[in-house]
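Asker: predicted structure and sequence below. I'll ask about it afterward.
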Number of protein chains: 2
Amino acid sequence: MSGLDETLAGEILAAVDGNFEAQIAFTQALVRFPSLRGQEHTAQDFLHDEMSRRGLAMDRWTIDVAEIEPHPGFSPVKVDYANAVNVVGTHRPRAETGRSLILNGHVDVVPTGPLDMWSRPPFEPWREGDWLYGRGSGDMKAGIAANLFALDALNSLGFRPAARVHLQSVTEEECTGNGALSALVRGYRADAAIITEPEDDRLVRANAGVLWFRVHVRGAPVHVRAAGAGANAIEAAYGLIQALRRLEAEWNTRKSLYRHFEHLDHPINFNVGKIAGGDWASSVPAWCSFDCRIAIFPGVPARRAADEIEHCIRDAARLDPFLANALPDIEWNGFFAEGYTLEEGSQAEATLGRAHLRAHGGPLESMVTPAYLDGRVFVLYGGMPCLVYGPVSQNIHGFDERVSLASVKRVTGTVALFIAEWCGLEKA
Amino acid sequence: MSGLDETLAGEILAAVDGNFEAQIAFTQALVRFPSLRGQEHTAQDFLHDEMSRRGLAMDRWTIDVAEIEPHPGFSPVKVDYANAVNVVGTHRPRAETGRSLILNGHVDVVPTGPLDMWSRPPFEPWREGDWLYGRGSGDMKAGIAANLFALDALNSLGFRPAARVHLQSVTEEECTGNGALSALVRGYRADAAIITEPEDDRLVRANAGVLWFRVHVRGAPVHVRAAGAGANAIEAAYGLIQALRRLEAEWNTRKSLYRHFEHLDHPINFNVGKIAGGDWASSVPAWCSFDCRIAIFPGVPARRAADEIEHCIRDAARLDPFLANALPDIEWNGFFAEGYTLEEGSQAEATLGRAHLRAHGGPLESMVTPAYLDGRVFVLYGGMPCLVYGPVSQNIHGFDERVSLASVKRVTGTVALFIAEWCGLEKA
């Protein structure tokens, strides 16, 4: 198959365009659900109903830790999964003549941070020119809407995919990847997958794995009148953060060993993202805990990287007179995820390239990202080509997060054209 | 007056001894009230009733910020004072023949810190050998009990002070000193004051003032995939902490200018006692706040020291590319208190010396402490000699805080002998 009929392609893009104000309104409605970790369920129920209304066969379930825990792609869970609900809507054609597809997105969003650093309330999305603002607008509710409205565009022309299509909205992408994993373990497979993450109109060629951990420093506190140098858990914690920065630098020196990463300036990013310590200004703090995130190169086993981190922290602690007496605890409390590479030359990638060329008017570029992506679940454990590809965004994980609406429209067109070619079409 | 009759002194010490198990039980009962900041009132109601039962004239009031705010000894308040209740019980003799006295203690205790670092629950006091354990056992519920049981000992012999005595239990000593200040502003004055703080059986000759402040670091957060060095609020905060450590070192070099402090190794202690920052391991933190405490030499105006601290933080921030764009905010959120010196040669000190010699069997030693004491309220603003003197303790502000019961008994004896000589006695 070398591509779609030009006329049909034009009609599909026109259908996306014609329905785009409704798509924006839908995206805004989705942003209004504050689907922070632990409270994704209201947004998921909304999506369930929207998919169901469109005639998809619905599957909605709560992640069962016991079910995914033995899987090598599992990440440790330290929170309650009572509201960690996945939603999948399935389209089945009358005759399965094309290739099957998973369209995936994650509904969870990261915390807003201090509200006074936003121009407007983060869960009340607003438009300014080409931009749609709000927490989750880019990462990645615009992508979830694009998946749904790509199907809508085909429907509006009287077509449906001529192959099985699963529309997935998963949770836990921002902390463990266990949502996508749970869908895989539940049996969802297809000939290809697309995840419409905000990737600046590009295809992800490779991405880093990610580890999360919390370091607990404990020591003997005293009244500040007796404070001696080095007996302060908060300051001791900083010594460990510095050691981890040195480990980050060392890992970055290894980049030449990893294809696709050798030309990146700084492929391995370490972040201390959260800290809490002490109880009282006049008590020398006896405890301090800090949350970290670090990337690992694809192919590096998570356990091996974790061992290096543990050694790094313990070695630094042993050199500190305060910490040596009470070695820090290291808690693996989230991502324990390996990176992946999208092998070049797949039919799925070629199909995406043609669709992108038509929708965007230029060739598809690929990129390497040091951020975690659920793509690894499909590629490493599902044996599927996974195309992580999506719109232009800014300040995801920051304040005044925003997504480019022109880009969202083009991406929706690309996905619709991809479906038409990959799955084929049948009359609705 | 050159001292008490030896026989009477012996009887008083014997009375303290005879009632000491009851005093320990009382102290334990008082420790059981978790009189943390903002919830001192239940302990205060208990003390109110205990004092009232002994026939003292009771005064109980909630600190009125508006009333103390104009006072030069006031410290900024950032919490609700709804339960910041002071209690004073007053004894008035039939004939005022002696010298009046305030016996003061503070009922507030500092936070426990992580409970798992205690051998037993901190508000369930326990005895082991000579030690009574529990949060507040030393700092300073044993002292409050000593004040009350010193009067009880005299009573048990059929005596009462022949002068006005105010038994004060104040709040807010651990954070502002506004409790003692409120009692002063309410009009409480006497010829001398004793505060039975845990001072290892010694008299405080001088103490440092204390300032509290919170530093707020803010910046622009991003997804960690875009993290550049130096854009992390948690790590930026650490640069400011280091600058404050340098200020601490500089202030310590000035010690030769301050009498009583010139021979101390490290009279000025800085402490970063609490920290909080960031929301998510995978978001570069946009905010970090940390709480500090620093000492100042007696005679240094709090405002002048505060100016130096503000300059120190802002100068350090201006050298940091991240902080220079968003200078940290500095919030004065507690102690804004100057130090004091107890002038040598007072009659009150001489009287305490004689009482101590009898109760302890050795001469009274004095000490200089770098910790805050409410003594400054009496000395600087009340014109009263204030004797801060109390039992041997360990780990105040730490875990397994404890007070020596043998020491508490001796201190109680000292206070009882002091009352007998300073106030004189009349038949009950």
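Answerer: Cool, got the structure. Predicted model, so just to flag it, every value in this text is computed and none were measured.
Asker: just give me the longest helix of chain A.
Answerer: For chain A, the helix that runs over the most residues, judged by DSSP state H, is helix A:233-253.
Asker: excluding chain neighbours, what is closest to A:Arg293?
Answerer: Sequence neighbours aside, B:Ala281 is the residue nearest to A:Arg293 in space, at 4.3 Å (criterion: CB to CB, 6 or more residues apart in numbering or on different chains). C-beta coordinates here come from the backbone N, C-alpha and C atoms, glycine included.
Asker: what helices or strands is the longest helix of chain A leaning on?
Answerer: In this structure, helix A:233-253 makes packing contacts with strand A:209-218, strand A:270-277, strand A:287-296, helix A:302-318, helix A:321-324, helix B:233-253, strand B:270-277, judged by 3 or more CB pairs under 8 Å, 6 or more residues apart in numbering or on different chains; DSSP states H and E.
Asker: okay if I get those as TSV plus mean neighbour count and mean pLDDT?
Answerer: Supplementary listing: those in TSV, determined by neighbours: other CB atoms under 10 Å in any protein chain shown; pLDDT from 0 to 100:
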stretch	mean neighbour count	mean pLDDT
strand A:209-218	24	96
strand A:270-277	24	96
strand A:287-296	25	97
helix A:302-318	16	97
helix A:321-324	16	83
helix B:233-253	19	96
strand B:270-277	24	96
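Asker: just put the ones you listed in CSV and tack on distance to B:Ile195.
Answerer: Listed next are these as CSV, based on distance: least, CB to CB, whole Å:
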stretch, distance to B:Ile195
strand A:209-218, 33
strand A:270-277, 31
strand A:287-296, 30
helix A:302-318, 41
helix A:321-324, 32
helix B:233-253, 26
strand B:270-277, 22
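Asker: for B:Ala317, which of these is the nearest?
Answerer: Evaluated with CB to CB, the helices and strands packed on helix A:233-253 place helix B:233-253 nearest to B:Ala317, the distance being 6.8 Å.
Asker: so how far is the closest one off the chain centroid?
Answerer: Averaging C-alpha coordinates over helix B:233-253 and over its chain gives two centres that are 26 Å apart (CA atoms, centre = their mean, to the nearest Å).
Asker: what does stretch A:316-326 give?
Answerer: Here stretch A:316-326 is found 36 Å from its chain centre; the criterion is CA atoms, centre = their mean.
Asker: so what touches it?
Answerer: If you take CB atoms under 8 Å, 6 or more residues apart in numbering or on different chains as the criterion, stretch A:316-326 is touched by A:217-220, A:230-233, A:236, A:239-240, A:242-243, A:327-328.
Asker: with adjacent residues omitted, what lies nearest to A:Ala420?
Answerer: Using CB to CB, 6+ apart and skipping residues adjacent in sequence, the residue nearest A:Ala420 is A:Leu4, 5.6 Å away.
Asker: tell me the spacing between the one you found and A:Gln347.
Answerer: The gap separating A:Leu4 from A:Gln347 is 15 Å, by CB to CB, to the nearest Å.
Asker: between the two, which has more neighbouring residues?
Answerer: A:Leu4 (19 against 13; other CB atoms under 10 Å in any protein chain shown).
Asker: show me the contacts for the more buried one.
Answerer: For A:Leu4, the residues meeting the contact criterion (CB under 8 Å, 6+ apart) are A:12, A:354, A:358, A:417, A:420-421.
Asker: if I look at it, how far off is chain B?
Answerer: As for A:Leu4, its distance to chain B is 34 Å (criterion: CB to the nearest CB, to the nearest Å).
Asker: of the contacts of A:Leu4, which pair is most distant in space?
Answerer: Spanning the widest gap among those are A:Ile12 and A:Arg354, at 12.7 Å by CB to CB.
Asker: so those two - more neighbours on which side?
Answerer: For A:Ile12 and A:Arg354, the more surrounded residue by other CB under 10 Å is A:Ile12, and the numbers stand at 28 against 19.
Asker: how many residues are close by A:Gly345?
Answerer: Residues contacting A:Gly345 under the criterion other CB under 10 Å number 8.
Asker: element containing it?
Answerer: Assigned by DSSP states H and E, A:Gly345 falls within no helix or strand.
Asker: give me the nearest residue to A:Leu247, chain neighbours excluded.
Answerer: Of all residues not flanking A:Leu247 in the chain, A:Cys312 sits nearest, at 4.6 Å (CB to CB, 6+ apart).
Asker: repeat for A:Gly278
Answerer: Closest residue in space to A:Gly278, ignoring its immediate chain neighbours: A:Pro285 at 3.1 Å, by CB to CB, 6+ apart.
Asker: how long is stretch A:293-302 from one end to the other?
Answerer: As for stretch A:293-302, its first-to-last residue distance stands at 13 Å under the measure CA to CA, to the nearest Å.
Asker: need the contact partners of that stretch.
Answerer: Here stretch A:293-302 has contacts from A:206-212, A:244, A:247-248, A:251, A:254-255, A:257-258, A:260-261, A:267-271, A:273, A:305, A:309, A:335-341, A:370-371, B:224, B:281-282, using CB under 8 Å, 6+ apart.
Asker: now do the helices in chain A.
Answerer: For chain A, applying DSSP H gives helices covering A:6-18, A:20-32, A:41-53, A:65-68, A:142-156, A:178-185, A:233-253, A:302-318, A:321-324, A:347-360, A:375-376, A:382, A:405-422.
Asker: which non-adjacent residue is nearest whichever residue of the stretch 1-150 of chain A sits closest to chain B?
Answerer: The stretch 1-150 of chain A approaches chain B most closely through A:Pro111 (3.9 Å), counting by CB to the nearest CB. For A:Pro111, the nearest residue in space outside its immediate sequence neighbours is B:Asp279; the separation is 3.9 Å by CB to CB, 6+ apart.
Asker: right, and the one you found touches B:Pro285 too?
Answerer: Yes: when contacts are counted by CB atoms under 8 Å, B:Asp279 is listed as touching B:Pro285 (7.3 Å).
Asker: looking at these two, which is more packed in?
Answerer: When B:Asp279 and B:Pro285 are compared on other CB under 10 Å, the one with more neighbours turns out to be B:Pro285, at 29 against 19.
Asker: may I have the distance across stretch A:126-145, first residue to last?
Answerer: By CA to CA, the extent of stretch A:126-145 from end to end equals 16 Å.
Asker: if we can go back for a sec, just the angle between the longest helix of chain A and strand B:270-277, please?
Answerer: Relative orientation of helix A:233-253 with respect to strand B:270-277: 60 degrees, computed using axes from the mean of the first three to the mean of the last three CA atoms, to 10 degrees.
Asker: what angle separates helix A:233-253 from strand B:287-296?
Answerer: Going by the same axes, to 10 degrees, helix A:233-253 is angled at 140 degrees with respect to strand B:287-296.
Asker: sorry, back to before: residues contacting the residue nearest to A:Pro111?
Answerer: B:Asp279 makes contact with A:110-113, A:273-274, B:285 under the criterion CB under 8 Å, 6+ apart.
Asker: restricted to strands, list those residues.
Answerer: Residues from those lying in strands, with DSSP state E as the criterion: A:273-274.
Asker: now the contacts of B:Asp279 as CSV including distance to B:Phe297?
Answerer: Converted to CSV, those look like this (distance: CB to CB, whole Å):
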residue, distance to B:Phe297
A:Val110, 47
A:Pro111, 43
A:Thr112, 44
A:Gly113, 40
A:Gly273, 40
A:Lys274, 37
B:Pro285, 36
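Asker: for the contacts of B:Asp279, which one is nearest A:Val392?
Answerer: Within these, the smallest distance to A:Val392 is 18.7 Å, found for A:Val110 (CB to CB).
Asker: just checking, that closest one touches A:His397?
Answerer: Yes: contact between A:Val110 and A:His397 holds when scored by CB under 8 Å: they sit 5.2 Å apart.
Asker: between B:Asp279 and B:Pro285, which contacts overlap?
Answerer: Overlap of the contact sets of B:Asp279 and B:Pro285 (by CB under 8 Å, 6+ apart) consists of A:273-274.
Asker: pull the CA atoms of the helix or strand of chain A with the lowest mean pLDDT into PDB?
Answerer: Each helix and strand of chain A was given a mean pLDDT (mean pLDDT, DSSP states H and E); the minimum falls on helix A:321-324 at a mean of 83. Extracted as PDB, the C-alpha positions of helix A:321-324 are listed here (Å, rounded to 0.1, in the frame of the first residue of the first chain):
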ATOM      1  CA  PRO A 321      30.300  11.700  59.900                       C
ATOM      2  CA  PHE A 322      26.600  12.400  60.500                       C
ATOM      3  CA  LEU A 323      25.200  10.100  57.800                       C
ATOM      4  CA  ALA A 324      27.700   7.300  58.400                       C
END
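Asker: nothing else from me, thank you.
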